[in-house]
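Peer 1: give me a model of this one.
(chains A and B)
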Amino acid sequence: MWNRLISIVAAVAAMLAVVPATRGQDAAKPGPVPDISGVWLVAKVQPALFPKGGAPLQPWAEAKFKAADLKTNDPNLACLPEGVPRTMFVPLPMEIFQVPTRVVIIHEGVQVFRQIYMNRQHPKDLDPTYSGDSIGKWEGDTLVVDTIGFNDKTWVDMDGGLPHSDAMHVIERIRRVDHDTLVDEMTIEDPKAYTKPITAQQVYKLKPGWEIQEYVCEENNKYTYQGK
Amino acid sequence: MRNQLLTFPATAVLLLFALEGSTYAHHGINAWFDMTRSATVKGTVTGFDWTNPHSYVYIDVKDEKGAIQKWSAEMGSVGMLARHGWRRDTIKAGDEITLIGNPAKDGKSSMILDKAVLTDGRELPASDLVPGTPVGPPREN
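Peer 2: Got it, this is the predicted structure:
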């Protein structure tokens, strides 16, 4: 009987360890959080956030936008990471994992990952990076992700060539609106590059049974990047 | 390119009509391929790159006089092609294949592939997009 009880306790402990979404964000805040784990794929491809132009760009950013060229200076041509938020528009699958202190997104395209820290603030004096530094918190059923610490080497949108500066601040509100649907509402603030914040929405569909595959972009890339 | 193709009426057909974008690549496709036109070519497989970020199929297209025109077609990534039913040995040199996609803007005999019809009659999607995925408008300028 005693051995059986120990076995049950051990089994429950093991389940809790592998089902982190049912646990708290960290040890200090126990409680259930929504489960957004799984493989997701964009439901509609958005090549450009401003297909007809009209983005509220600062003059230097407008010039950079006009110089954006899919044939020469799209960082994708060099297999460089799309960075945040562009990576969220890429129509290749991404898998979301949740552990108590982190939400991790593995993107199949260009084999990049995002880490959203649930248990800390942004560090001071961040090194500029492609994906920036992301911290998250749950507001009800919505994961609110705050990202800063970017370099200025990426585009904001998929193929539209929207530029940004190292002052970009991305706020994402990610919510599973039903079992099969995830929505990321983005607000992009960058006073150096934009005269006012811009917003975007990307919808994803759950892809049961899909597994993230290897994607070595440098393997047979026939395109040439002529950017700096 | 149009004239070139029209010299190969028996084996290569270029259909001209507005086509809703149904393809995606890791790079912007509208800069490289004319997404308003569809190209269909039939020929013999000479090579198949099962690679990332794109796979490629190479074919010989023969005209009525027996002259060969070499075509290449850019496909999706390995992961998405596998999800569409492709495997590394789905096609091999010598296979007869029909390629349906969008022609290159530079007039060369290349295209970005939307789908392929194999020797056994199977039709497989061949881009990174799941068929039916809507695609919004590209940047206009």
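
Peer 1: CA only for contacts and neighbour counts going forward, please
Peer 2: Noted.

Peer 1: following the lengthiest strand in chain B, which helix or strand comes up?
Peer 2: Taking DSSP state E as the criterion, chain B has its longest strand at strand B:38-49. Heading C-terminal from strand B:38-49, the first helix or strand you meet, by DSSP states H and E, is strand B:56-62.

Peer 1: which other helices and strands contact that next one?
Peer 2: strand B:38-49, strand B:68-74 (3 or more Cα pairs under 8 Å, 6 or more residues apart in numbering or on different chains; DSSP states H and E).

Peer 1: how about stretch A:210-221 and chain B, touching?
Peer 2: Yes - under the criterion of Cα under 8 Å from any Cα of the partner chain, chain B is reached by stretch A:210-221 at A:212-221.

Peer 1: now, these that are in helices?
Peer 2: Using DSSP state H, no member of those falls in helices.

Peer 1: what is the end-to-end distance of stretch A:193-202?
Peer 2: 22 Å (Cα to Cα, to the nearest Å).

Peer 1: what's the answer for stretch A:92-110, then?
Peer 2: Stretch A:92-110: ends 10 Å apart by Cα to Cα.

Peer 1: model confidence score at the spatially most central residue of chain A, please.
Peer 2: Nearest residue to the geometric centre of chain A (Cα atoms, centre = their mean): A:Met88, 5.1 Å. Reported pLDDT at A:Met88 in the predicted model: 98.

Peer 1: how about it, what does it touch?
Peer 2: A:Gln202 (Cα atoms under 8 Å, 6 or more residues apart in numbering or on different chains).

Peer 1: could you look up the SS state of it?
Peer 2: helix (DSSP: H, G, I helix; E, B strand; the rest coil).

Peer 1: break down the chain into its helices, ranges please.
Peer 2: All of this is about chain A. Under DSSP H, chain A gives helices at A:2-18, A:59-67.

Peer 1: wait, chain B
Peer 2: Using DSSP H, helices in chain B cover B:2-6, B:78-84.

Peer 1: ok, now how distant is the residue of chain B found nearest chain A from A:Ala48?
Peer 2: When scored by Cα to the nearest Cα, chain B has B:Arg139 as its residue closest to chain A, at 3.9 Å. Counting by Cα to Cα, the separation of B:Arg139 from A:Ala48 is 6 Å.

Peer 1: of these two, who's got more company?
Peer 2: Taking other Cα atoms under 10 Å in any protein chain shown, B:Arg139 and A:Ala48 do not tie; A:Ala48 has more neighbours (21 against 17).

Peer 1: what sits against the more buried one?
Peer 2: A:157-161, B:136-139.

Peer 1: which two of these have the greatest separation?
Peer 2: A:Gly161 and B:Gly136 (15.3 Å; Cα to Cα).

Peer 1: which one's more surrounded, those two?
Peer 2: Each of A:Gly161 and B:Gly136 has its neighbours counted (other Cα under 10 Å); A:Gly161 has more, 26 against 15.

Peer 1: so that one sits against A:Asp69, correct?
Peer 2: Yes - counting by Cα atoms under 8 Å, A:Gly161 touches A:Asp69, with 7.3 Å between them.
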